[in-house]
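Undergrad: Got a predicted model here, sequence first, then my questions.
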Amino acid sequence: MNHFNYKNNQLFCEKVFLGDIAEKYGTPIYIYSKATLLHHLDVFKKAVAIVNGTVFYSVKALSNINILRLLSENGAGFDIVSGGELHRCIQAGVDPKRIIFSGVGKSKAEISAALKLGIHAFNIESSEELERISMISELLKQRADIGLRVNPNVDQGGHEYIKTGRKDDKFGISFAEAKELAKSYKDNPHINLIGIACHIGSQILELDGFETAAKQMLALSIELSAVGCDIRFIDMGGGLGVQYNGEETKTPDELLTVYAKFLKIEMKKYT
């Protein structure tokens with residue numbers, strides 16, 4: 001659902017004639033619909049509520065402070081990939097405990113800032129990054145909550161360049177390495193392994209890949225718990241597809257509801 005529509009060949013957003021806005025502010029101009037944003041957030045929230053989940057908005061998609069504030073006030077968490085995005089979230093009044101710091105390029109300064117603020121977790125992409133966070137945490141006399149981004153080897157997504165979940169893709173660590181890191185760091189006083197994460201790609205039009213990845217992630221969470229990790233979250237990443245060229249797609253409501261029900265069934269196998 002979106003709230004942009006034509007009336008008598010004039011474009012409106014939520015009953016506001018966009019010609020009036022263009023005349024007042026000039027063009028080009030970006031205009032966002034609050035009602036549309038909140039509708040789609042609500043779709044995600046209702047779906048993940050089935051499995052007691054939380055929606056984490058990807059700040060790199062759009063980091064406008066007013067939109068971050070709107071989403072925060074309506075229950076969203078935030079996935080960031082830079083210190084700049086962290087700063088914007090804080091400016092927008094986001095609770096640091098609702099921020100996950102992902103991405104491969106975290107600097108020492110960014111890690112330190114996030115630790116001092118007390119974010120929810122860092123999703124790490126390599127053993128080297130985990131060691132860096134451990135050293136910084138020790139210097140700051142803190143303990144970092146960590147999610148391990150693993151690669152589920154799922155071939156899903158649209159274009160070749162936006163697939164991120166196969167074993168040869170550049171993101172994430174293998175399941176075997178995740179298990180080794182869990183054993184190595186489970187007693188580290190400055191590292192607290194509390195989650196696992198994956199991202200299988202973008203422009204995803206079917207649920208097969210999500211379901212395959214979810215089964216693997218649930219199994220891995222049990223294995224890591226068995227070696228002493230307190231696994232509290234599974235971060236399932238991937239972008240639902242949109243119609244660019246008339247593709248047949250299910251609505252986000254349909255896809256997310258089916259996916260959440262699938263997750264609930266799978267989770268029962270491990271409880």
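TA: Great, that's in hand.
Undergrad: Strands of the stretch 101-250 of the chain, start to end?
TA: 121-124, 144-149, 191-199, 233-237 (DSSP state E, counting those that start in this stretch).
Undergrad: export those strands to JSON lines and tack on mean pLDDT and mean neighbour count?
TA: Bear in mind the C-beta positions are built from the backbone N, C-alpha and C, glycine included. Formatted as JSON lines, these follow (pLDDT from 0 to 100; neighbours: other C-beta atoms under 10 Å):
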{"stretch": "strand 121-124", "mean pLDDT": "98", "mean neighbour count": "26"}
{"stretch": "strand 144-149", "mean pLDDT": "98", "mean neighbour count": "25"}
{"stretch": "strand 191-199", "mean pLDDT": "96", "mean neighbour count": "24"}
{"stretch": "strand 233-237", "mean pLDDT": "94", "mean neighbour count": "20"}
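Undergrad: Reformat these as JSON lines; add distance to residue 74.
TA: JSON lines is the format used below for the strands of the stretch 101-250 of the chain (distance: least, C-beta to C-beta, whole Å):
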{"stretch": "strand 121-124", "distance to residue 74": "22"}
{"stretch": "strand 144-149", "distance to residue 74": "24"}
{"stretch": "strand 191-199", "distance to residue 74": "23"}
{"stretch": "strand 233-237", "distance to residue 74": "20"}
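Undergrad: got a list of contacts for the lowest-mean-pLDDT helix or strand in the chain?
TA: Here the helix or strand of the chain ranked lowest by mean pLDDT, DSSP states H and E is helix 252-268, holding a mean of 86. For helix 252-268, contacts defined as C-beta atoms under 8 Å, 6 or more residues apart in numbering pick out 40, 43-44, 47-51, 53, 207, 210-211, 214-215, 218, 240.
Undergrad: Let's see that with 6 Å instead.
TA: Residues outside helix 252-268 that contact it (C-beta atoms under 6 Å, 6 or more residues apart in numbering) are 43, 47, 50-51, 207, 210-211, 214, 218, 240.
Undergrad: among these, which two are most distant?
TA: 43 and 218 (23.5 Å; C-beta to C-beta).
Undergrad: ok, those two, which is more surrounded?
TA: The neighbour comparison of residue 43 against residue 218 (other C-beta atoms under 10 Å) goes to residue 43, with 19 against 16.
Undergrad: mind checking which helix or strand the more buried one is in?
TA: Element membership for residue 43, per DSSP states H and E: helix 34-48.
Undergrad: which ones are touching residue 233?
TA: residue 195.
Undergrad: Report how many residues lie close to residue 2.
TA: 12.
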